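Engineer: Below is the sequence, then the predicted model.
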Amino acid sequence: MNRQVMRKEWGIFFIVFQIAFACSSAPAKKALEPIKSTVVEERIVIGNERLDDYLPLIANKKVGFVGNHTSMINSTHLVDSLLSLKVNVIKVFSPEHGFRGTADAGEKVSNEIDSKTGLSIISLYGDNKKPSVEQLKGIDVIVFDIQDVGVRFYTYISTLHYVMEAAAEQNIKVIVLDRPNPNGHYIDGPILEQKYKSFIGLHPVPVVHGMTIGEYAQMINGEGWLKNGVTCELTVIACENYTHQKEYKVSVPPSPNLPNMNAIYLYPSLCFFEGTPVSVGRGTDAPFQQFGHPSFSKFQYSFTPKPTLGATQPKLNSKECFGVDLSNEEEIDARNWGKLELSYLFEGYNMYPNKAEYFTNFFNLLAGNSSLKNAIKSSKPVKEIRDSWKDGLAEYNLMREKYLLYK
């Protein structure tokens, strides 16, 4: 046989032999392993990360900054980053809980000097909720960067309102660095009635409003809610790769008593208890993930509030409270259904021994009306309560659509 032909045939045989050997020696389980998806979900980029879009807007300007401990860009506070980039930040304004986020809910926050930067920090919580003309003196532009949770009585949107109003009156531009809303996937609750307007509810919106703080700023402007109809010169630096149906887990707790996503999801439903004698676990390691009272003895579960950071004088301090534990993470994820849960309120009211003393005046401010309290007192069916919200929510949705930046 021709040697060239023999080499060719031997080469073919050798290749076939190698393939057969490789197939026979490969682990059998490899053939059963599922093919892994190569689709990678795009990371959400929050507004403050888009430096190229807003640094030109504040270059060579005297900047006022409204923020708190959530104003982080990666692992660095945005104020520190701006200063390192030679941005002329001249003053900081802080909301409820203070610039470093350690003050109690409702605690008066004082003016101070930031120990790290030496900047003057002006409180926008307590007696001074709106920046004064003197406090805004010399400022060319205000940068607003705070993580919100999408609930009407969470006061950061009220701070936003007053900052925009004061800036509009002094012809100062406001730049909102937008952030996703962890409760932005649904809208629920009664619309606030004008009669119950307060710092925990300034606008005719539902309890869960379904907007980012940037979208909300556009709505404040567009609906003419600022005093005397003034309009703020507003720029919103939008998030990238975000939609309202996309899950977003905050990287920094937005306030001391919302330490994790469980608390953030439960907050819209449990915060109503703040207008009753019932504790929501402030002063424990699971605030807004449980509720209870010393008189709820039918429950085996109990907790005892003690002074903690962010709750130095908790309701029912040092008293054993019996109640309901909602802190199981898997359970909460399953409950993230997209609605207010009213059963907790009915349960608390029905178990409380002295019903005449159950509701405080604060409850109606949280609800934005008196009808929810009356419905609970009269044991109105939940479906009937929810049906009473439908027309208001439908009207609100039409208004909301005009200001949405994300699907």
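Structural biologist: Perfect, thanks for sending it.

Engineer: what sits against Tyr152?
Structural biologist: Quick fix: residue 152 is Arg, not Tyr. For Arg152, the contacting residues are Gly189, Leu192, Ile200, Gly201, His203, Val205, Pro206, Val207, Val208, His209, Gly368, by Cβ atoms under 8 Å, 6 or more residues apart in numbering. All C-beta spots, glycine's among them, are computed from the backbone N, C-alpha and C.

Engineer: In TSV, list those residues along with secondary structure, distance to Asn241 and neighbour count.
Structural biologist: Shown next, in TSV, are the contacts of Arg152 (DSSP: H, G, I helix; E, B strand; the rest coil; distance: Cβ to Cβ, whole Å; neighbours: other Cβ atoms under 10 Å):
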residue	secondary structure	distance to Asn241	neighbour count
Gly189	coil	28	25
Leu192	coil	32	25
Ile200	coil	32	21
Gly201	strand	32	22
His203	coil	28	19
Val205	coil	26	26
Pro206	coil	27	24
Val207	coil	28	25
Val208	strand	23	24
His209	coil	22	27
Gly368	coil	33	27
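
Engineer: so how far is Gly126 from Ile175?
Structural biologist: Using Cβ to Cβ, to the nearest Å, Ile175 is found at 25 Å from Gly126.

Engineer: Look at these two and report which has more neighbours.
Structural biologist: Between Ile175 and Gly126, Ile175 has the larger neighbour count (other Cβ atoms under 10 Å), namely 22 against 14.

Engineer: beta partners of the more buried one?
Structural biologist: When bridges are called by DSSP bridges, Ile175 pairs up with Val143, Thr235.

Engineer: doesn't Val143 make contact with it?
Structural biologist: Yes - Ile175 is within contact range of Val143, at 5.1 Å (criterion: Cβ atoms under 8 Å).

Engineer: Give me the phi and psi for the most centrally placed residue in the chain.
Structural biologist: By Cα atoms, centre = their mean, the chain has its centre lying nearest to Val149, at 1.8 Å. Backbone torsions of Val149, given as degrees, to the nearest 10, read phi -120, psi 10.

Engineer: now swap in the one 10 residues further on and tell me
Structural biologist: With angles defined as degrees, to the nearest 10, Thr159 shows backbone torsions of phi -60, psi -40.

Engineer: That one and Leu124 touch, don't they?
Structural biologist: Yes - the criterion here is Cβ under 8 Å, and Thr159 meets it with Leu124 at 5.2 Å.

Engineer: where do the contact lists of those two overlap?
Structural biologist: Common contacts of Thr159 and Leu124 (Cβ under 8 Å, 6+ apart): Val66, Pro95.

Engineer: Going along the chain, name the strands of the protein.
Structural biologist: Remark: strands assigned in the chain by DSSP state E are 62-67, 72-73, 76-77, 88-94, 112-113, 120-123, 141-145, 173-177, 234-237, 290-293, 302-303, 321-325.

Engineer: wait, doesn't Gly310 sit right on Pro254?
Structural biologist: No - look at Gly310 against Pro254 with Cβ under 8 Å: they stay out of range, at 11.5 Å.

Engineer: re earlier: now for the residue nearest to the centre of the chain: which residues touch it?
Structural biologist: Counting by Cβ under 8 Å, 6+ apart, Val149 touches Asn181, Pro182, Asn183, Pro254, Leu258, Ile264, Tyr267.
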